[in-house]
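> next comes the sequence, and after it the predicted model I'd like to discuss.
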Amino acid sequence: MATDNRIPKPSKWFSNKSLRLSLHRRRSKSSSTLSSPSSPMSPCTPQNNSKENELKEVFRHFDSDGDEKISALELRSYFGSIGEYMSHEQAQAVIDDLDSDGDKLLDFKDFLSLMKREANEEDDDLKKAFEMFEMEKGSGCITPKGLQRMLHRLGDAKSYDECVAMIHVFDTDGNGVLDFQEFHQMMA
């Protein structure tokens, strides 16, 4: 029986696996307690602390022995628990790529760097998606007409009025269109 011993980039392991889904679910549960981007409280830092606390909680799921480090064995164990096989060599290669202090283990700082990298990749994908919905490229907004056009291309024909109503739900500044921040909130 042949196994695939190729060692993928760390971001491939994390971006394609359930970790991303579990992070999203946790974010969704706690997002109702966070202020919205248009709220006067959003410049405060509790959002950042809350997000970091969420990431610490996720980190603890990996760190099964509680030593504040993730070993290759713990990484393999996590992925095994979600039904994904990862060889010891693959796990160690992931760790070696992310390990900043050379101890062959991931500490929270390394884990945080990975999550920030993943978030940046996610934002890039979101920006590309946003641009697909813009009626006028580079306008910085999604109009009801642009939404209607893209939904039609995707096989989900909606009336203009339905598109106006869809935008209205996430249009926090009430200008009748979605800017990138509003689109980002809608997709969260």
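Nice, I can see it. Numbering: from 1, shown residues only.
> lowest average confidence, helix or strand, in this structure?
Least confident helix or strand, the chain: helix 18-31 with a mean of 40, by mean pLDDT, DSSP states H and E.
> quick one: mean pLDDT over the helix or strand just after that one.
Using DSSP states H and E, the helix or strand that follows helix 18-31 in sequence is helix 46-62. Across helix 46-62, pLDDT averages out at 78.
> before we move on, what about stretch 92-112?
For stretch 92-112, the per-residue pLDDT averages 91.
> now do the end-to-end distance for that stretch.
18 Å (CA to CA, to the nearest Å).
> tell me how far that stretch is from the chain's mean position?
Distance, stretch centre to chain centre, for stretch 92-112: 20 Å (CA atoms, centre = their mean, to the nearest Å).
> list the buried residues for it?
Gln92, Ala93, Val94, Ile95, Leu98, Asp99, Leu105, Leu106, Asp107, Phe108, Asp110, Phe111 (16 or more other CB atoms under 10 Å). For the C-beta atoms, the positions are set from N, CA and C on the backbone; glycine is no exception.
> pLDDT score for Met166?
For Met166, pLDDT reads 92.
> wait, it touches Leu147, no?
Yes. Between Met166 and Leu147 a contact is recorded at 6.5 Å, counting by CB atoms under 8 Å.
> got any residues that touch both of the two?
Lys158 (CB atoms under 8 Å, 6 or more residues apart in numbering).
> these two: who's more crowded?
Leu147 (22 against 18; other CB atoms under 10 Å).
> list the helices and strands the helix or strand that the more buried one is a member of packs on?
Per DSSP H and E, Leu147 falls inside helix 144-153. Judged by 3 or more CB pairs under 8 Å, 6 or more residues apart in numbering; DSSP states H and E, helix 144-153 is in contact with helix 108-133, helix 160-170.
> just the CA coordinates for the shortest one, please, in PDB.
Which is helix 160-170. Extracted in PDB, the C-alpha atoms of helix 160-170 (Å, rounded to 0.1, in the frame of the first residue of the first chain):
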ATOM      1  CA  TYR A 160     -33.100  44.200  -8.600                       C
ATOM      2  CA  ASP A 161     -35.300  44.800  -5.500                       C
ATOM      3  CA  GLU A 162     -34.100  41.500  -3.900                       C
ATOM      4  CA  CYS A 163     -30.500  42.700  -4.400                       C
ATOM      5  CA  VAL A 164     -31.300  46.100  -2.800                       C
ATOM      6  CA  ALA A 165     -32.800  44.200   0.200                       C
ATOM      7  CA  MET A 166     -29.800  41.900   0.400                       C
ATOM      8  CA  ILE A 167     -27.400  44.800   0.500                       C
ATOM      9  CA  HIS A 168     -29.600  46.700   3.000                       C
ATOM     10  CA  VAL A 169     -29.000  44.000   5.600                       C
ATOM     11  CA  PHE A 170     -25.200  44.700   5.700                       C
END
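> since that was my last question, I'll sign off now.
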